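> Quick check, what structure comes out for this input:
(2 chains)
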2 protein chains.
Amino acid sequence: MNYATQMEAARKGIITREMETVARKEMVDPAKLRELIAEGRVVIPANKNHASLDPCGIGQGLRTKINVNLGVSRDCCNIGMELEKARLAIELKADAIMDLSCYGRTEEFRRRLIEMSPAAVGTVPVYDAVGFYGKELKEISAEEFLGVVEKHAQDGVDFMTIHAGINRETAARFKKNPRLTNIVSRGGSLLFAWMELNGRENPFYEYFDELLEICRKYDVTISLGDACRPGSVKDATDASQIQELIVLGELTKRAWEKDVQVMIEGPGHMPLNEIIPNMLLEKKLCHGAPFYVLGPLVTDVAPGYDHITSAIGGAIAAASGADFLCYVTPAEHLRLPTLEDMKEGIIASRIAAHAADIAKGVPGARQWDDKMSEARRNLDWQKMFELALDPEKARRYRAESQPESEDTCTMCGKMCAVRNMNRVLSGAGPDG
Amino acid sequence: MNYATQMEAARKGIITREMETVARKEMVDPAKLRELIAEGRVVIPANKNHASLDPCGIGQGLRTKINVNLGVSRDCCNIGMELEKARLAIELKADAIMDLSCYGRTEEFRRRLIEMSPAAVGTVPVYDAVGFYGKELKEISAEEFLGVVEKHAQDGVDFMTIHAGINRETAARFKKNPRLTNIVSRGGSLLFAWMELNGRENPFYEYFDELLEICRKYDVTISLGDACRPGSVKDATDASQIQELIVLGELTKRAWEKDVQVMIEGPGHMPLNEIIPNMLLEKKLCHGAPFYVLGPLVTDVAPGYDHITSAIGGAIAAASGADFLCYVTPAEHLRLPTLEDMKEGIIASRIAAHAADIAKGVPGARQWDDKMSEARRNLDWQKMFELALDPEKARRYRAESQPESEDTCTMCGKMCAVRNMNRVLSGAGPDG
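Numbers count the residues shown, from 1 in each chain, chains lettered A, B, ... in the order given. The predicted structure follows:
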């Protein structure tokens, strides 16, 4: 193999097996895809050690992808349960799974997840660092942080969130411009704390070149974390957020010099009218790198329904530049999600992603809707169920309420507009 | 009383009791509100016979309102159950209730609903016509259709959907430009059928002046129905839809000549990227009249989740011109909603409306979010629950999963970014 990463291959004019797979799935021209990867506008997170991977592309012109978070933690350290969540995520067509494990047998879980997952697997090494070394955060050295990255890379992790943008400069900007909700990124807050406690530069920023060597070696895609993603609509698009984005744009260029693939992580809580400008900002400041957003959540007041607040923001974001949506469940801001919450979150994210794909004309997207609407016009209920995003729920809902006329539903009964129109347009009366 | 309608009063320079109430609730200047009502940009649906009404304004510069549908039908003809739905709607802060009754003791239900409802009550008289006269649709005369309108007006209905835009011209345009899902508006399909069966002009269009006399007499706000609202994303923004909108704009001017208040009803299923242009089209073609939308649903493929597909579309619509959102429940396209479905639908609509209100800077909107985020930063769980859109669900979710540290939640436990930041910024270590 005469290339280290998908990006290097693309730049050398090589269309890899992974590119061919992605091009086929996305119905795009492999040569065009190769070009977008060479330019950094598309990534294929594909660690050389992730044998079970079914490669998936993220970025310009491709279907919007969704990510599911899970992992073992102090409050939920059952490996079997987390693997069950992973199976559900794959069954419900998640494109990627982030293992946010931070406590317990994280290594065992990570390896088993990678072994079974055709979806790309991501991690946040800083979460794992405290447990891995059994030390206080303050005591972990820069070399040790990089050691965790290398460990995850060896295990086959396809992409890693690296909060390298919260450097001294960004931290100073944050202190100078107070926010309502400070830093709400878990990894970001840990690195900020580490810097404050040690009076030193962010290790991922200081040793970014060393980090790039590891990522290049295994072809790990860096997902540049946004420590300063707004935690409230009030904090959106503020000095800290944009300062960090500028730094992430600079780091993106440095990664690309080493042929390392990069995504940028983004907000967060954000008023609806600020989403489109933020997509432009990311694409400009980060030179077209794929944008991976958490939400955006368009209001702060709906705990229990943040799968909906984020579906609204995510759909708008993806229609105007975001390429990858991190799912948000109804449990956000309240507790770890259950399997049922996960399902709700995945479906809501898939709706947002698909709505965006229709809007941006992704090949094949609207055909699904057209088939569904044809089935609706024909009152072909079996076909409607088969085509539904969630066939089980659609079937169950209809079964719970039997209509008087078999071809209609109880919403309108014999007044069903579809039925009446079919009759009238075929020359019969409205009611048979 | 020297005026017939709120619009006439406004044009005569009178600030009515209803205007004062609305101005106070909306934190806007009564004189400015009067001006907007005189121009037709705001309506206050307030039938003179609706004694229990707490008046509510709909239109430019005001909080986005939401409507809940219910009513007795062949498949659900229990008056008690429908009144219970009305109570739930009011408890969950619906701004208006549409009684879509079409079978059984519709008159009794309508009267009881109006008697108990502080929210504005709307109806679709054409639904009631068949049952009221006990005749086949074809046999109902134009005079009889108007008779139902007068009956509803006497009973105190505040606004009525009148499908006057599906006239011969619009029907011809529809036949000339085939659609995937034809006409999916229930009332629209009935009027189209009536016209086809009788070979006559739409009675509401032909006798629009007579209709206006009734509406003027009781101050019924006309909600001009969109028979050609798209029933699939493919049919959105097509010739039929826009043709009808042009006619609705002409009818709006005729209504305003008689001081009759008007809203315009809108889509429907619609790709996300077509929503903003459609809001502009309505505001231009209908001269700034308030826009009342059903959805828009941004994809056809998610039966069981159309409260989410419509929350996405509704938020974008309301942020860019729509003034009034009709709720959509998870039961849409499948069956009549249960009480639980209704709640889901109302909450989703309220999220969409509030997200839009933040975006368009409606007075007081973002303060709610700021208070919530302040409580979050302070890890003040009681305050968070009190401020939540649905306090019960938020409390229940957290209670179901007790965290190790009382001030955090099980999502991050001791790694809680908010907790760590509060500690670090106050000079302590990240973990206590």
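
> C-alpha only now, for contacts and for neighbours.
Fine.

> so where do the strands sit in the stretch 1-150 of chain A?
Counting by DSSP state E, counting those that start in this stretch, one finds strands in the stretch 1-150 of chain A at the ranges A:42-43, A:58-59, A:65-70, A:96-99, A:120-123.

> Which positions in stretch A:19-33 come out as buried?
By 16 or more other Cα atoms under 10 Å in any protein chain shown, the buried positions in stretch A:19-33 come out as A:19-23, A:26, A:28, A:30-31, A:33.

> roughly how far is it from the heart of the chain?
Distance of stretch A:19-33 from the chain centroid (Cα atoms, centre = their mean, to the nearest Å) equals 21 Å.

> Any chance you could list what contacts that stretch?
If you take Cα atoms under 8 Å, 6 or more residues apart in numbering or on different chains as the criterion, stretch A:19-33 is touched by A:15, A:34, A:42, A:44, A:55-57, A:62-63, A:363.

> just stretch A:208-217 next, same as before
Applying Cα under 8 Å, 6+ apart, the contact partners of stretch A:208-217 are A:4-5, A:146, A:149-150, A:153, A:164, A:204, A:220-222, A:255, A:258-260.

> could you redo the last one with a cut-off of 7 Å?
Contacts with stretch A:208-217, where a contact means Cα atoms under 7 Å, 6 or more residues apart in numbering or on different chains, come from A:4-5, A:146, A:150, A:221, A:255, A:260.

> Just give me the closest of the buried residues of stretch A:19-33 to chain B.
Taking Cα to the nearest Cα as the measure, chain B lies nearest A:E26 of the buried residues of stretch A:19-33, at 19.4 Å.

> which bits of the stretch 201-350 of chain A sit near chain B?
For the stretch 201-350 of chain A, the residues in contact with chain B (Cα under 7 Å from any Cα of the partner chain) are A:232, A:234, A:271-273, A:298-304, A:308-309, A:311-312, A:331, A:334-336.

> Might one say that A:L272 is in contact with A:L297?
No: contact criterion Cα atoms under 7 Å: A:L272 and A:L297 do not qualify, at 8.4 Å.

> confidence score at A:E196?
Model confidence at A:E196, given as pLDDT, is 96.

> Just the buried positions in the strand or helix carrying A:W256, please.
Per DSSP states H and E, A:W256 falls inside helix A:239-257. Within helix A:239-257, the residues that count as buried by 16+ other Cα under 10 Å are A:239-249, A:251-253, A:255-256.

> Just the closest of the residues you listed to chain B, please.
Nearest to chain B out of the buried residues of helix A:239-257 is A:S240 (Cα to the nearest Cα; 15.0 Å).

> Give the burial count for the closest residue to A:V126 other than its chain neighbours, as a bare number.
Among residues not flanking A:V126 along the chain, A:G187 sits closest, at 6.2 Å (Cα to Cα, 6 or more residues apart in numbering or on different chains). Using other Cα atoms under 10 Å in any protein chain shown, A:G187 has 23 other residues around it.

> for A:G187, helix, strand, or coil?
For A:G187, the assignment made with DSSP: H, G, I helix; E, B strand; the rest coil gives helix.

> So for it, what pLDDT did the model give?
95.

> Contact partners for it?
Contact partners of A:G187, counting by Cα under 7 Å, 6+ apart, are A:126-127, A:163, A:227.

> Find the closest residue to chain B in the stretch 51-200 of chain A.
A:R186 (4.7 Å).

> residues contacting that residue?
With Cα under 7 Å, 6+ apart, A:R186 has these contacts: B:415-417.
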